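Trainee: make a model of this:
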Amino acid sequence: MKKISEKPVILLSIETKARELPGKILLSCFLAEKGFKVILTNYRKIPFALKTKAWLYIDRNSFAPRMSFFRRLKFFGFKLVCLDEEGIIWRKPELYKSRIHVKTNGYVDKYFTWGKKQTELIKEVSASIDTVITGNPRIDLLRPELTDLYKTRADVIKKKYGDYILFVSNFATNNSFYSREEGESLVDFLVSEMRRHGLLNSAEDEQDFRGFFDNRERVFEKMVSLLRNISMRYPDINIIIRPHPSENHDTWKTLMKEYPNVCVVYEGELTPWIISAKAIIHNSCTTGVEAALLNLKAIAYTPVDEPEFEADLPNQVSSAVSSEKEVIELIEQSPMEQPVPAILEEYISSLSGPFACDRIAENIENLYKKRSSKDIVKRKILFRNNPLTRIISACLKILYEIYNLIEGRAVFSPKQLKEYKKQKFERITTTECGNLLAEYRKLLHRFDEINIDDSRGYIEIFPSD
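Mentor: Numbering: from 1, shown residues only. Below is the predicted model of the structure:
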C-alpha cells in the first residue's frame, strides 16, 4: 500500500457524479496545491468524518435536515462551508430563499456563492450568513482555458451519433425517480418531502407547488409530442434525450420505444453533448446557461403560457419559442452561436480573471489559518476513534433518530434509496480521476505534484511531500 503522508484533510461532498465530478476534481487540485488532502465523499456520517481526521466539511447545501449533522460536526470542532450546486437557477426568488435555512446556516462558517444575485437572496434571508462571491468550479470548466477538455469526448459522441438533436430533460418534479412507486400520489409524496426539507412552510407554498406540478405535467406532455414529431420529421437524425439525474429514466424509454432514432442516454458530463449537438432543446433548464457560456444558443420550448412556473434566466439566454413550428424553424438554423450574454455576469462570478477554484481555495486556506484555539483543543480531546468518542457518537445517533421520529421524517425503503443513489452516484474510480488530472495538467500547466489514491477505500487527492 502506498504511504500517504498526513496533510490537513478536507471532506468534499459529491452527490451527482455526472454533473459534479470534473468540477470537484478541479477544486480538489487547487486545494491540494495549498497543502490539503481532499477526500471525495457522498457520506454525511460522523464516524466516517472522525475516521478520516478531517478538519473541514464542504457540503452542497444547507437544507433544514442537515441541521443535526452540522451540529454534530461543530461539536467535534469541524469547520463547515457550503457550495450550493443549485445557486444559479430559480423559478422565483422566494423559492430559492426557502433553501436557506437560518438555523442550519448558523453552523456554516462560509457560504461560497455563484455570484451577486445568489448572494443578495441569501442576505435577504439573513445578513449574518458569511457569504463570499467566488463563482463555481463547474463554470471554470466552461471557460476558454479548459473547454479543450471536452473536444475529444465531443468528437467521440459525434462519431457515434452523427448529427443529433439534444433534448435535456428537466422534469424531476412530475417524472421523479420515485414515480416508480405504485399506489402512492407522487405530488403528495413530494409535498411531504419538501416540507421535511423546509422548502414548503405555508398553505400558500403548498398551493404554489401543486400548481407548478400541474404545469410540469402539461409541459411534459407537450414536450413528448414535440420529440415524437421531430423524430418523424427528421428520420435520419438521432434525437438524444438526456434525463435529469433525479428523473425516472424508464419513463422516457417507454414513451419513445416506437421511435427508432430516439435514444435515451444518461452518460458522462453534459458539456461534450452540448458542444457536438446540431441543436439543443430544453425548458427552464441550466442547459440554456451552459450553452450560452459556450457561445451557443439553445432552444427554450415553452408551450404552456404560464411564465410564473418557468425559470427566467435559462430561457432568457436561449431562443424561447412556444410552438412546434418555431422549434422546427430554429432547428433548421442550428447550431446557433452567440456571445456570452452580459446578464450572466449578474449571476456568475469568475467568468474571467482568477478561477472560482482559486478563490475558494484561498478562502479555505484563510479559514484553516484562523481556526480558534477552542476548536483545535476540542479536536485533540475528542477527534480520535477512542471509547469516549464512540460513546458520544452513539448517544448523538440515538438523539438524531428520536428527532427524526418526532419530526415525522419520511423513510424510503432501503431498495429505493440504493437504486436512487446508484443512478445519481456511480462508483468513482482512480482511473477517471487520474484522466481528469492529466487533462488539467496539460491545459493549465500546473498540478504536477498532485497525486490520487484510493487504497483506503475512497478517493484522496493530495500533494506530494
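Trainee: quick one: contacts of stretch 147-159?
Mentor: 22, 141, 268-269, 271-273, 275-276, 294, 439-440, 443 (Cβ atoms under 8 Å, 6 or more residues apart in numbering). Any C-beta I mention is one placed from the backbone N, CA and C, and that applies to glycine too.
Trainee: didn't Lys110 look like it was pressed against Val81?
Mentor: Yes - between Lys110 and Val81 there is a contact under Cβ atoms under 8 Å: 4.3 Å.
Trainee: overlap in contacts, these two.
Mentor: By Cβ under 8 Å, 6+ apart, the residues touching both Lys110 and Val81 are 364, 367.
Trainee: just checking, what packs against the longest helix seen in the chain?
Mentor: The longest helix of the chain (DSSP state H) is helix 203-233. The helices and strands touching helix 203-233, judged by 3 or more Cβ pairs under 8 Å, 6 or more residues apart in numbering; DSSP states H and E, are strand 164-168, helix 186-196, strand 238-242, strand 299-301, helix 324-333.
Trainee: repeat the analysis, applying 7 Å as the threshold.
Mentor: Counting contacts by 3 or more Cβ pairs under 7 Å, 6 or more residues apart in numbering; DSSP states H and E, the secondary-structure elements packed against helix 203-233 are helix 186-196, strand 238-242, helix 324-333.
Trainee: give the buried residues for it.
Mentor: Buried residues in helix 203-233, defined by neighbour count with 16 or more other Cβ atoms under 10 Å: 205, 208-209, 212-213, 215-217, 219-220, 222-224, 226-228, 230-231.
Trainee: before we move on, what about stretch 100-115?
Mentor: By neighbour count with 16+ other Cβ under 10 Å, stretch 100-115 contains the buried residues 100-101, 104-105, 107-115.
Trainee: just give me the closest of those residues to Ser284.
Mentor: Comparing the buried residues of stretch 100-115 against Ser284 with Cβ to Cβ picks out Trp114 as the nearest, at 17.3 Å.
Trainee: Leu11 should be in a strand, yeah?
Mentor: Yes - secondary structure assignment places Leu11 in a strand (DSSP: H, G, I helix; E, B strand; the rest coil).
Trainee: tell me what it is bridged to.
Mentor: Each beta-bridge partner of Leu11 is listed here: Ile39, Tyr57, as defined by DSSP bridges.
Trainee: near it, how many other residues are there?
Mentor: Using other Cβ atoms under 10 Å, the number of residues around Leu11 comes to 23.
Trainee: and the next helix or strand past the lowest-mean-pLDDT helix or strand in the chain?
Mentor: The helix or strand of the chain with the lowest confidence, counting by mean pLDDT, DSSP states H and E, is helix 414-424 at a mean of 45. Sequence-wise, the next helix or strand beyond helix 414-424 is helix 430-444, with elements assigned using DSSP states H and E.
Trainee: pLDDT on the longest helix of the chain, on average?
Mentor: Helix 203-233 comes out with an average pLDDT of 95.
Trainee: for that helix, what is the distance to the chain centroid?
Mentor: The chain centre lies 23 Å from the centre of helix 203-233; the measure is Cα atoms, centre = their mean, to the nearest Å.
Trainee: got the angle between it and strand 164-168?
Mentor: 170 degrees (axes from the mean of the first three to the mean of the last three Cα atoms, to 10 degrees).
Trainee: now do Ile343 against Pro93, distance only.
Mentor: Here Ile343 is placed at a distance of 16 Å from Pro93 (Cβ to Cβ, to the nearest Å).
Trainee: again but with Leu296, I slipped
Mentor: 27 Å.
Trainee: more neighbours, those two?
Mentor: Set side by side, Leu296 and Pro93 show unequal neighbour counts under other Cβ under 10 Å, the larger going to Leu296 at 20 against 12.
Trainee: ok, now how distant is the more buried one from Tyr111?
Mentor: As it turns out, when the distance is counted by Cβ to Cβ, Leu296 lies 31 Å from Tyr111.
Trainee: state the distance from the nearest residue to Ile275 once chain neighbours are set aside to Leu142.
Mentor: Of all residues not flanking Ile275 in the chain, Ala154 sits nearest, at 4.3 Å (Cβ to Cβ, 6 or more residues apart in numbering). Separation of Ala154 from Leu142 (Cβ to Cβ): 13 Å.
Trainee: redo the helices and strands packed on helix 203-233 as a markdown table? Include mean pLDDT, mean neighbour count and distance to Val264.
Mentor: What follows is the helices and strands packed on helix 203-233, written out as a markdown table (pLDDT from 0 to 100; neighbours: other Cβ atoms under 10 Å; distance: least, Cβ to Cβ, whole Å):
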| stretch | mean pLDDT | mean neighbour count | distance to Val264 |
| --- | --- | --- | --- |
| helix 186-196 | 86 | 17 | 20 |
| strand 238-242 | 97 | 22 | 5 |
| helix 324-333 | 97 | 15 | 19 |
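Trainee: just send those back as JSON lines, with distance to Thr287 too.
Mentor: Written out in JSON lines, the entries for the helices and strands packed on helix 203-233 read as follows (distance: least, Cβ to Cβ, whole Å):
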{"stretch": "helix 186-196", "distance to Thr287": "23"}
{"stretch": "strand 238-242", "distance to Thr287": "8"}
{"stretch": "helix 324-333", "distance to Thr287": "15"}
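Trainee: how about the ones you listed, which one is nearest Glu310?
Mentor: Glu310 lies closest to helix 324-333 among these, at 16.0 Å (Cβ to Cβ).
Trainee: burial measure for Ala49, as a count.
Mentor: Residues lying near Ala49 (other Cβ under 10 Å) number 24.
Trainee: so it, which of the three states?
Mentor: helix.
Trainee: can you map out the helices along the stretch 51-200 of the chain?
Mentor: Shown for the stretch 51-200 of the chain, the helices assigned by DSSP state H, counting those that start in this stretch span residues 67-75, 93-97, 102-105, 116-125, 137-140, 151-161, 186-196.
Trainee: measure Lys53 to Ile39 for me?
Mentor: Using Cβ to Cβ, Lys53 is found at 10 Å from Ile39.
Trainee: shared neighbours of these two, anything?
Mentor: For the pair Lys53 and Ile39, residues contacting each of them under the criterion Cβ atoms under 7 Å, 6 or more residues apart in numbering are Val9.
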